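Novice: This is the structure alone, sequence omitted:
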């Protein structure tokens, strides 16, 4: 995944992923969209720091 950052504040604005079979995907940081309350959207917030790195075999 390639990450892109704001030159003014350093926030991650979006990321680009080159997927399988040429299907590219992009993920945007909705917190960067002016006038949009991203926390008011129907979503699931995940604490990535609390996730296990990998399952033991």
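Specialist: Structure's in. What do you need? Fair warning: this is a prediction, and the values are worked out from it, not measured in the lab.

Novice: Need the mean per-residue confidence for the longest strand belonging to the chain.
Specialist: In the chain, with assignment by DSSP state E, the single longest strand is strand 12-18. Averaged across strand 12-18, the pLDDT comes to 88.

Novice: now stretch 44-53
Specialist: Mean predicted confidence for stretch 44-53 is 79.

Novice: how far is whichever helix or strand comes after the longest strand of the chain from where the chain is centred?
Specialist: Counting by DSSP states H and E, the next helix or strand C-terminal to strand 12-18 is strand 24-28. Remark: strand 24-28 is offset 8 Å from the chain centroid, using C-alpha atoms, centre = their mean, to the nearest Å.

Novice: now swap in stretch 30-40 and tell me
Specialist: With C-alpha atoms, centre = their mean, you get 13 Å for stretch 30-40.

Novice: what do you get for stretch 7-23?
Specialist: 8 Å.

Novice: hmm, back to that, who are the packing partners of the longest strand of the chain?
Specialist: Here strand 12-18 touches strand 2-5, strand 24-28, going by 3 or more C-beta pairs under 8 Å, 6 or more residues apart in numbering; DSSP states H and E. C-betas here are computed from N, CA, C, even on glycine.

Novice: Run the angle between the last one and strand 12-18 for me.
Specialist: Computed by axes from the mean of the first three to the mean of the last three C-alpha atoms, to 10 degrees, the angle separating strand 24-28 from strand 12-18 equals 170 degrees.
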